[in-house]
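In: Predicted model and sequence follow; I will ask about them next.
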Amino acid sequence: MDKQGSYKLLHQLPKVDLHVHLDGSVKPETLLELARERGVRLPAACKHTLIPFMQVEDSCASLKEYLSKFDFVLPFLQTGEAIERVAYEIAEQAAEHNCRYVEVRFAPQLHRSMGLSAEETIRFVLDGLKRGERDFGIKARAIAICMRHHGREDNLAVVKAAARYVGQGMAAVDLAGDEASFPPELFREVFALSRTLGIPVTIHAGEAGGADNVYEAVTHLGAARIGHGVRLKENPSILEMVLERRVPLEMCPVSNIQTKAVTDWNVYPIREYFDRGLLVTVNTDNPIVSGTNITKEYEILAEKFGFTVSELVKLIMNGVEAAFLEDSEKQSLKLDFEQQLQALGVAY
Ligand SMILES: O=c1[nH]cnc2c1ncn2[C@H]1C[C@H](O)[C@@H](CO)O1
Ligand SMILES: [Zn+2]
């Protein structure tokens with residue numbers, strides 16, 4: 001198949017995105033409007049010239065540098081209206097790529113500078129996602145993030161607030177931020193609470209830290225999934241444990257290269273992990289910050305690693321399997337995917 005034909009097919013395939021950050025998905029045109037409403041002048045006046053301020057450069061040297069990009073948008077995501085809108089628009093952007101199911105993650109404590117509470121932030125995200133589900137015919141869930149540089153009290157409050165919305169669109173809690181400076185063992189108490197309150201856990205690990213962080217996340221923090229897990233290959237016995245326990249990896253290829261989780265595509269371990277039978281899933285992380293979308297992620301995998309269409313479908317179905325959904329909801333999502341794949345004439 002030629003390049004254009006394969007992009008078209010990948011675009012049409014039903015897909016999921018289990019790892020996408022709200023503040024990494026703000027459309028430049030939306031940011032322009034949010035700034036205008038607040039009477040703030042941005043350093044660029046049109047969406048094209050604004051992109052360089054929102055997107056990482058190719059020269060990005062580390063996760064820490066990558067994370068500095070979020071400082072540009074966060075000041076405009078401090079009202080219920082703005083948060084609800086961006087959540088809604090993520091559902092819209094997902095639907096544009098036939099991404100049928102999306103789990104949108106955000107850190108409630110990063111949206112409080114104008115007086116919102118963590119719980120209010122959660123409610124606005126859930127409202128935006130519900131409106132998006134209705135208007136765009138997709139399914140959406142939220143994940144509340146504890147930040148590594150935040151204190152114990154702030155993170156415990158996130159877990160408590162999120163747990164109150166389980167069954168109402170809140171799917172799980174996460175840990176994100178500067179992994180190199182804040183190892184996962186610092187957060188045992190926070191995620192012990194998530195277990196007590198019965199909310200599932202996913203943890204960013206093995207991105208800017210080694211495989212030991214994946215071990216800690218799974219065995220001590222109770223992670224049911226791992227965000228990235230790129231550096232798992234550094235320890236074969238930990239990789240074996242993740243394989244045996246069938247812990248899904250939320251890999252985000254474009255972002256993983258930009259944050260230097262590995263130095264280059266030729267050492268990106270996704271093909272190795274897939275062939276070993278790890279439950280690899282493919283996600284965008286931060287579409288705007290990374291300049292990506294879910295179709296592009298699959299296109300890159302086909303181009304750089306020779307994934308065939310049926311292997312890409314296996315990756316997609318791993319994502320369906322790994323979704324933080326009730327069994328009956330997962331079954332109906334699977335059925336929807338099987339029907340769409342059949343209609344596209346793609347073997348599954
Ligand atoms: O890939 C990531 N690793 C660690 N932290 C991340 C990543 N992408 C985004 N974040 C952080 C920056 C955001 O402000 C925060 C909440 O979405 O999560
Ligand atoms: Zn992430």
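Out: Structure's in. What do you need? Ligands and ions are numbered 1, 2, ... in the order given.

In: could you say what helices and strands the host helix or strand of N318 packs with?
Out: Using DSSP states H and E, N318 falls within helix 309-322. Packing partners of helix 309-322 (3 or more Cβ pairs under 8 Å, 6 or more residues apart in numbering; DSSP states H and E): strand 15-21, helix 270-276, strand 280-282, helix 294-305, helix 327-343. In this view, the C-beta of every residue, glycine as well, is placed from N, C-alpha and C.

In: What average pLDDT does the fourth one get?
Out: Throughout helix 294-305, pLDDT has a mean value of 98.

In: Count the neighbours of the closest residue to T79 other than its chain neighbours for me.
Out: The spatially closest residue to T79, leaving aside those adjacent along the chain, is M114, at 6.1 Å (Cβ to Cβ, 6 or more residues apart in numbering). Using other Cβ atoms under 10 Å, M114 has 12 other residues around it.

In: so M114 makes contact with G80?
Out: No: using Cβ atoms under 8 Å, M114 is not in contact with G80, being 9.6 Å away.

In: follow-up on the earlier one: and the pLDDT at the residue nearest to T79?
Out: So M114 comes in at 98 (pLDDT).

In: In the helix holding N318, which residues are buried?
Out: For helix 309-322, the neighbour count (16 or more other Cβ atoms under 10 Å) marks V309, E311, L312, V313, L315, I316, M317, N318, G319, V320, A322 as buried.

In: quick revisit: most packed of the helices and strands packed on helix 309-322?
Out: With neighbours defined as mean count of other Cβ atoms under 10 Å, the helices and strands packed on helix 309-322 peak in mean count at strand 15-21, which reaches a mean of 28.

In: Give me the average confidence score over it.
Out: 99.

In: In the stretch 201-348 of the chain, which residue sits closest to ligand 1?
Out: Of all residues in the stretch 201-348 of the chain, H204 sits closest to ligand 1, at 4.7 Å by Cβ to the nearest ligand atom.

In: how close does that residue get to H111?
Out: With distances taken as Cβ to Cβ, to the nearest Å, H204 is found 19 Å from H111.

In: before we move on, what about E234?
Out: 35 Å.

In: for V282, same thing?
Out: In terms of Cβ to Cβ, V282 sits 28 Å off from H111.

In: cool, I316 as well?
Out: 31 Å.

In: wait, does stretch 273-287 make contact with ligand 1?
Out: Yes: counting by Cβ under 6 Å from any ligand atom, ligand 1 has neighbours in stretch 273-287: D285, N286.

In: where does that stretch sit relative to the chain's centre, distance-wise?
Out: 12 Å (Cα atoms, centre = their mean, to the nearest Å).

In: Check stretch 308-323 too.
Out: That offset, for stretch 308-323, works out to 16 Å (Cα atoms, centre = their mean).

In: got the angle between the host helix or strand of V86 and strand 15-21?
Out: According to DSSP H and E, V86 maps onto helix 80-96. Here helix 80-96 points in a direction 150 degrees away from that of strand 15-21 (axes from the mean of the first three to the mean of the last three Cα atoms, to 10 degrees).

In: what comes up buried for helix 80-96?
Out: Buried residues in helix 80-96, counted by 16+ other Cβ under 10 Å: 80, 82-91, 93-95.

In: hmm, what's the outermost residue in this structure?
Out: G39 (30.9 Å; Cα atoms, centre = their mean).

In: Report pLDDT for it.
Out: Taking G39 on its own, its pLDDT is 96.

In: A211 now?
Out: Looking at A211, the pLDDT reads 98.

In: and the nearest residue to it once chain neighbours are set aside, what pLDDT?
Out: Spatial nearest neighbour of A211, excluding adjacent residues (Cβ to Cβ, 6+ apart): N235 at 3.6 Å. pLDDT, N235: 98.

In: Could you do I238 as well?
Out: So I238 comes in at 98 (pLDDT).

In: tell me how far the helix or strand where it lies is from the chain's mean position?
Out: Per DSSP H and E, I238 falls inside helix 236-244. Offset of helix 236-244 from its chain centre (Cα atoms, centre = their mean): 23 Å.

In: Run through the neighbouring helices and strands of that helix.
Out: helix 211-219.

In: can you list the residues of the stretch 201-348 of the chain near ligand 1?
Out: Counting by Cβ under 6 Å from any ligand atom, the stretch 201-348 of the chain sits next to ligand 1 at H204, E207, S255, T259, D285, N286.

In: which residues does H11 contact?
Out: Taking Cβ atoms under 8 Å, 6 or more residues apart in numbering, we find H11 in contact with H97, N98, T295.

In: and the gap between the last one and H97?
Out: Taking Cβ to Cβ as the criterion, T295 is separated from H97 by 5 Å.

In: Common neighbours of the two, please.
Out: H11, K15.

In: picking up where we left off before, of the helices and strands packed on helix 309-322, give the one that comes closest to V159.
Out: Closest to V159 of these is strand 15-21 (Cβ to Cβ; 18.1 Å).
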